[in-house]
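Novice: Got a predicted structure plus its sequence, pasted below:
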Amino acid sequence: MSAHVHSTFRRIMPQLIILIAVLFLNFLVFPDFFRIEFQHGRLFGNLIDVLNRGAPTALLCIGMTLVIATKGIDLSVGAVMAIAGAVAASLVVDGHSWQTALLGALAVGAICGLWNGVLVAVLRIQPIVATLVLMVAGRGIAQLVTEGTILTFVNPGLIHLGAGTVIGIPTPILIWIALGLLVTAVVRKTALGMLIEAIGINESSSRLAGINSRVLIVSVYLISGFCAALAGVIVAADIKGADANNAGLWLELDAILAVVIGGNSLLGGRFSILASLIGALIIQSVNSVILLSGMPPEFNLVIKALIIIAILVIQSPTVKHALYILRASAEPLPSDPIKEAKESPQ
Amino acid sequence: MRSTHLPLLITIATFLLAYTLCASQYPAMLSTRVVANLLTDNAFLGIAAVGMTFVILSGGIDLSVGSVIAFTGVFLAVILRDTSIHPIAAFVLVLAITISFGAAMGAMIHYLDMPPFIVTLAGMFLARGAAYVLSTESVPITHEFYDTLQSLYWKAPGGGRFRLTGMIMLLTFLTGIIVAHRTRFGQNVYAIGGGLSTARLMGVPLAKTTIGIYATSGGLAGLAGIIFSLYTSAGYSLATVGVELDAIAAVVIGGTLLTGGTGFVAGTFFGILIMGLIQTFIVFDGTLSSWWTKIVIGGLLFGFILLQKGLTWATTLRRKPATEFAAQS
Amino acid sequence: MASATEPVLECRGISKFFPGAIALDAVDLTLYPGEVHALLGENGAGKSTLIKCLTGAYRRDAGKILLDGEEISPGSTQDSQKLGIGTVYQEVNLLPNLTVAENLFLGRQPTRRGLISQRKMLTMAGDLLAEFGLRINPAEPLSAYSVAVQQVVAIARAVELSGKVLILDEPTASLDRDEVQLVFSVVEKLKARGLAIVFITHFLDQVFEISDRATVLRNGRVIGTRELKNTSQTEIVTLMLGRQLEDRIQDRAPARTGDTLIELKDFGKRGVMEPFDLTVRKGEVVGLAGLLGSGRTETAGLIFGAIQADQGEALLEGRKIGLGSPREAVAHRFALCPEDRKNDGIVGDLSVRENIILALQARQGWFRPLPKAKVNELAEAYVKALDIRLASLDMPIRLLSGGNQQKALLARWLATNPVFLILDEPTRGIDVGAHAEIIALIEKLREDGMALLVASSEMEELVAYSTRVIVLRDRRQVRELKGDEITTSNIVAAIADDTMAEAV
Amino acid sequence: ADLTIGFSQIGSESGWRAAETTVTKQEAEKRGIDLKFADAQQKQENQIKALRSFIAQGVDAILLAPVVATGWDEVLEEAKDAEIPVVLLDRTVDAPDDLYMTAVTSDLVHEGRVAGKWLADEMAGAKCDIVELQGTTGSSPAIDRKKGFEEGIAGNDNLNIVRSQTGDFTRSQGKVVMESFLKAVGGENICALYAHNDDMAVGAIQAIKEAGLKPGEDIKIVSIDSVPDIHLAMANGEANATIELTPNMAGPALDALEAYLADGTKPAKWIQTESKLYTLKDDNMAIYEMKKDLGY
Ligand SMILES: Nc1ncnc2c1ncn2[C@@H]1O[C@H](COP(=O)(O)OP(=O)(O)OP(=O)(O)O)[C@@H](O)[C@H]1O
Ligand SMILES: Nc1ncnc2c1ncn2[C@@H]1O[C@H](COP(=O)(O)OP(=O)(O)OP(=O)(O)O)[C@@H](O)[C@H]1O
Ligand SMILES: [Mg+2]
Ligand SMILES: [Mg+2]
């Protein structure tokens, strides 16, 4: 067990270090960054904001990690968020309870995931294009539901999901942590994780070993759709309205970025949801630096791009290998299996 | 003719069929105006898509093109406003910048072993951010050289104007076709797309080719930016958001596989025309609401992919026993 | 013969370390012009690694390489190609998406006014392939041709590239006799032209047929170099294994076949395999013989559900079963060790341990993970039983040498405790020692009452373990040989007979 | 004869724009006009394509809501050659004014100025630190409304913009950015919020409430557009002022077009719509009820 904890820790070590570095950057631009107070029945502070505002990306990257592990990608999550938010809002506006609205939205998200999954696993359309279809059309579907307006609602139950607190902690934080733990537990305590990795590494071999790759692939897209729907509901609940045009706009890119910053390969295979979640927090912390720095907004993108490039370069296999050599120069192991293997075709 | 030319023929056939259908509903679609518009309006997209075709043929992706186009426009507008250099010099300068930008991304992809998706995503943020820093406002370009270039067109009977920009796009496609099929660089692009490690063992110069591919894409995005600035006589940092996805869609509709290694530059040309046709048709129809427009575009994209899939499937089925064993990673 | 002349290529003290393994330890190798030099050794001895260090595919950690007396240091395969070293790597390394001609001339295309001349390239390709007895359309994509054809194309390409040295890493593993002869005749020609040729294989007959000298590697060290004229096979084997290979007792325990296990009726798929009937009993090894492309792999794939049959039915112990997918087959305790281990066998990035339990876990279902202790126990047991050479069970399987990967795959299927085991080319790329062990294993499994179906191109091997041999041709079953009929010559005759019959 | 008019709309990126589309369609229907609607998905190139297609199709007139001011000369010239009158809606362009018939717009700078003036009057010399939620970086409303507001408060040393960041015109970004303002500056130190549109203000109001402050009292809120939800907030005393940008640009535009096509009367080059200021003195609940079905 302790060996397991140890190896997990080693896996997420680089991400943790980067997170701490970026948080420290926050501290430099805003010295009160780490202060957390209990105000008006809720925890209040920048750190809480990072956790809270990171919720949509964090939720998306749970599903995205699994999809990417199977060598796929899901570009439609932003659009699915919009659809789910619209469905939830229109259900409560029509007088249904928030539970019904939530279930409805999640079901719709799952259906969207199913559609993507079938396109990828059964029709064998390449994931990028397969999900591009829903990315383009999904926002239209969401607007169809809201008829182009921002559909506002006042249902307190639904609003609580996005803007409420539980014992002082904003609900979205609890939701993404809970879902992250749940999915991690499910894939790691069962054989699912290994089977998903096997598919991502070599689908043909996996199928011949008796793995039901189709169903598994459909499932990961389904989970991704589900996560996106949950994120969509939270985002809508947060502003008490479904904004079909803007909800989750370009958030798929953040989610993919989070997965990559989490050290997961876009080529599929080995994955760590925990590391992806830290990746999501890193992205949110970068956003936080930008907001707190008080720089004019035209610099936002340049700052974000430069920080991200720095992070990615540090994490790239080549640089990692160089660091490994540096660290290992005292030890007898002269080279890194990852790098060497890259050179080998077999 | 190689059997692999089939997807190309199919794309062309699809375009002709779709055009006939559209024309039968709206005879005005046959006017020279529509034909000229297809060329002029899609010139910048077409040029960017040529670069994207090379990137995708090599198994990569370039998400930065939309931002690079916007950056180019802003850069030109600002430099022509603030200095007195001649536009041609400005063009050369901006092409040098975008080519180096692309080359830098290629170098990161190759030497740092990072996935293209992520490198070019960061490039997309950076280029757009740089455009913002140069100017958030839309800057008009008033140089008379621009007027000269814009006045270069041939007015066909029926009112269609065949402009210089459309011709530049055609020229780019021609060059692209020749480079892809008749040069070593082009062959190396296909080789890398067929399998990176195999290409390495076969002695393909990976560094040179990869950097070349992204430099090409960056340079063509720069050229597309110049064309776009001619098209709008301005530079605007919010322009051409998401154009990379349009370019990718055009490449895919044109029959190039995103996994790399198979496809044709010429196919992309028809992919562009098909997308332009879809848009023209929607405008001619004029009854779709904002959201139905999106849904219909998505639906048509799906339709084309499905059609292409079906045809590939039908053709590979014929020789399945032969291909199955040779499938390489 | 060649000793008087200066060496073309000299390796001095080449070393290569991998984490947990020393793949090469100060290896010396000297090549003279006009010689065929065999590089021999067990699986994992370091042969392929040595080649890759030579051609610049790997960075070597120590040592010098001299070409014509001058020190060279190829940093990439491109460099070594320029220096006149042509190489065929262990797995076919060509690009399926390019045409045959493009593959042949990649990087050296004939140009006219700066542009590649397709027409000229096609003519040149046609001429080149004709030398190898291949009459195929070089304008077709490579993927349209079989592995064997591709292998020959790869050899042709390497020959074209080799001004001084030609390296062939197990080039004959997927070729049958006629094609091997063709390759050898080309090698003879090149040898006469003064090239130095390195030849790696596990077929000792072929080594003695074509090679002049042999260098034997064991555990990354050179054990010795011998003039083959004055050496016996036994001596070479002893050098390779570090021990003598006991002669196997040829008379097997008589086939005590049990009840019928599986019965296929009118089973087949249009365009892939003509419908056939097949019955396999418990305790029986059915061999599948035939030429390349005769349909052995297809037969195996059909039975395992990897290729979906479109007609016929399957009975397992008298009950009708469906074989629509490998998953169904695995559920019925079938197992298939595939021919193409790189693409259909290993899951490269997963650890050896995970690869071994993969099929068992897949059968158990997603939600019943095998307990850790059980996993370790299984993996360790099989590593020991099959003598898989590895640094650690946690290393990704793609880092194992080819032969050891093959053994790990075998372990994967044995771990599922199958009732019916299908082996497609089980000994491909496996060294002599392991070869004998695998044959012994097949024997043992049969004696334990398992039913086996083994497809192989090595007739001696089929003769050694089969209780029945089915001969295939052109995707049809043409003969069945039983008991004493099973001899190499009968199999060859069966194939030839049929050819004759066809011709009439 | 039946008129066919092409309408090139930017997209449906905000509630206001959706309302403009709805109103335009209603106005066209009222007059029996065949309206060809083209949504450009926020892209200028799509608008140019749409215009060219309209010309090829031979429509009688074109309504254009330009996404950006520059870049229209070429295509407008083509329309002129084809003798198709073009009317600009809600934003103008940087082209010679003989290339279009008229522009029906509000004055974006003026809107910002009204907002600034209102705040200056409201504070009446008291010291006030203002935070600003900008629109999408680079968009003309963001640039002009910022400029107008700065003009409006110019000369009042008591008024200072202490933070200014983009909220992308959306509710959720408005909320997120306001949250960070509240922490970076301290809620008690912020006296007023100026948002470039109502949607961001609505998001910011929620952030202020969650921080335990009273929007409208602790922090004065002024924004632009006059969408229904801000009137609801004003009715609840959670926002203080909004400046109306009417979604009915098509009404005056079509009036002018019909007059021109009937007897050739040329309208003025600029038909300015009113930038009406609404404050807590108005009956905001009634306005909300009136507006809420307009498709915002
Ligand atoms: N990238 C790598 N990382 C770690 N170990 C490696 C790597 N590549 C090879 N090895 C190890 O080096 C040793 C030599 O492997 P090599 O492939 O050279 O063997 P070989 O002699 O070609 O065997 P075979 O006959 O099976 O092909 C093996 O033990 C293998 O596990
Ligand atoms: N007529 C043909 N033309 C081209 N390729 C062929 C032809 N017949 C068979 N092949 C190819 O030959 C290869 C081997 O075929 P198959 O697997 O059926 O034979 P096998 O007896 O199992 O041979 P192997 O010894 O390679 O396992 C396959 O890739 C098949 O597609
Ligand atoms: Mg080897
Ligand atoms: Mg076979």
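Specialist: Structure's in. What do you need? Ligands and ions are numbered 1, 2, ... in the order given.
Novice: When you work out contacts or count neighbours from here on, use the C-alpha atoms and nothing else.
Specialist: Will do.
Novice: so what's the backbone phi/psi at residue D:248?
Specialist: phi -90, psi 70 (degrees, to the nearest 10).
Novice: these two touch, right, it and residue D:22?
Specialist: No - contact status for residue D:248 versus residue D:22: not in contact, 9.2 Å apart, counting by CA atoms under 8 Å.
Novice: shared neighbours of those two, anything?
Specialist: Applying CA atoms under 8 Å, 6 or more residues apart in numbering or on different chains, one finds that no residue jointly contacts residue D:248 and residue D:22.
Novice: could you list every residue that touches the residue in the stretch 101-250 of chain B positioned nearest to ligand 2?
Specialist: Nearest residue of the stretch 101-250 of chain B to ligand 2, counting by CA to the nearest ligand atom: residue B:194, 18.4 Å away. Neighbour list for residue B:194: B:58-59, B:260-262, C:95-98 [criterion: CA under 8 Å, 6+ apart].
Novice: Assign residue C:5 to helix, strand or coil.
Specialist: coil (DSSP: H, G, I helix; E, B strand; the rest coil).
Novice: Quick check: pLDDT value at the residue nearest to it when sequence neighbours are not counted.
Specialist: Nearest residue to residue C:5, sequence neighbours excluded (CA to CA, 6 or more residues apart in numbering or on different chains): residue C:32, at 7.1 Å. Here, the pLDDT recorded for residue C:32 equals 94.
Novice: Most proximal residue of chain B with respect to ligand 1?
Specialist: Across chain B, the shortest distance to ligand 1 (CA to the nearest ligand atom) belongs to residue B:197, at 13.4 Å.
Novice: Give me the neighbour count for that residue.
Specialist: Using other CA atoms under 10 Å in any protein chain shown, the number of residues around residue B:197 comes to 22.
Novice: where's it, which helix or strand?
Specialist: Per DSSP states H and E: residue B:197 is located in helix B:196-201.
Novice: hmm, that helix in reach of chain A?
Specialist: Yes - Helix B:196-201 is in contact with chain A by CA under 8 Å from any CA of the partner chain, via B:197-198, B:201.
Novice: In a markdown table, list the residues you listed along with pLDDT and distance to residue D:276.
Specialist: Putting the residues of helix B:196-201 next to chain A into a markdown table (pLDDT from 0 to 100; distance: CA to CA, whole Å) gives the following:
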| residue | pLDDT | distance to residue D:276 |
| --- | --- | --- |
| B:197 | 88 | 67 |
| B:198 | 90 | 69 |
| B:201 | 90 | 72 |
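Novice: which of those residues lies closest to residue C:495?
Specialist: If you rank those by distance to residue C:495 using CA to CA, residue B:198 comes first, at 35.9 Å.
Novice: Can you pull the residues of the stretch 401-504 of chain C lying near ligand 1?
Specialist: Neighbours of ligand 1 within the stretch 401-504 of chain C, by CA under 6 Å from any ligand atom: C:401-404.
Novice: Need these in JSON lines (columns: secondary structure and distance to residue A:45).
Specialist: As requested, these are exported to JSON lines (DSSP: H, G, I helix; E, B strand; the rest coil; distance: CA to CA, whole Å):
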{"residue": "C:401", "secondary structure": "coil", "distance to residue A:45": "56"}
{"residue": "C:402", "secondary structure": "helix", "distance to residue A:45": "57"}
{"residue": "C:403", "secondary structure": "helix", "distance to residue A:45": "60"}
{"residue": "C:404", "secondary structure": "helix", "distance to residue A:45": "57"}
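Novice: so the residue nearest to residue C:5 sits right up against residue C:7, yeah?
Specialist: Yes - assessed by CA under 8 Å, residue C:32 is found in contact with residue C:7 at 4.3 Å.
Novice: ok, those two, which is more surrounded?
Specialist: A count of neighbours by other CA under 10 Å puts residue C:32 above the other of residue C:32 and residue C:7, at 23 against 17.
Novice: Have a look at chain B and report its longest helix.
Specialist: If you go by DSSP state H, chain B has its longest helix at helix B:290-318.
Novice: The residue of the stretch 101-250 of chain D found nearest chain A: what secondary structure?
Specialist: Per CA to the nearest CA, residue D:165 is where the stretch 101-250 of chain D lies closest to chain A, at 5.5 Å. Here residue D:165 is recorded as strand under three-state DSSP.
Novice: you'd agree it is up against residue D:132?
Specialist: Yes - using CA under 8 Å, residue D:165 makes contact with residue D:132 at a distance of 6.6 Å.
Novice: Just the pLDDT for residue C:259.
Specialist: Value for residue C:259, per-residue pLDDT: 86.
Novice: ok, now which ones touch it?
Specialist: C:281-282.
Novice: next one: phi and psi at it?
Specialist: phi -70, psi 160.
Novice: that older thread, what is the burial count for the residue of the stretch 101-250 of chain D closest to chain A?
Specialist: 25.
Novice: how about the residues of chain B near chain A?
Specialist: Proximity of chain B to chain A, by CA under 8 Å from any CA, involves residues B:111-115, B:118-119, B:122-123, B:125-126, B:128-130, B:132-133, B:136, B:197-198, B:201, B:249, B:258-259, B:290-299, B:301-302, B:305, B:309.
Novice: Run a quick neighbour tally on residue 36.
Specialist: In the absence of a named chain, chain A is used. Using other CA under 10 Å, residue A:36 has 13 neighbouring residues.
Novice: The chain in question should be chain D.
Specialist: Residue D:36 has 22 neighbours, counted by other CA under 10 Å.
Novice: Can you tell me the closest non-neighbouring residue to it?
Specialist: Per CA to CA, 6+ apart, closest to residue D:36 is residue B:286, 4.1 Å.
Novice: doesn't residue D:37 make contact with that neighbour?
Specialist: Yes - with contact defined as CA under 8 Å, residue B:286 counts as touching residue D:37 (4.6 Å).
Novice: and residue 278, helix, strand or coil?
Specialist: Because you didn't say which chain, this covers chain A. helix.
Novice: that's the wrong chain, I meant chain C
Specialist: Under three-state DSSP, residue C:278 falls in the strand class.
Novice: The residue lying farthest from the centre of chain C and residue C:119: what is the separation?
Specialist: Within chain C, the residue lying farthest from the chain centre (CA atoms, centre = their mean) is residue C:113, at 43.1 Å. Residue C:113 is 14 Å from residue C:119, where distance means CA to CA, to the nearest Å.
Novice: try residue D:207
Specialist: From residue D:207 across to residue C:119, the span is 71 Å (CA to CA).
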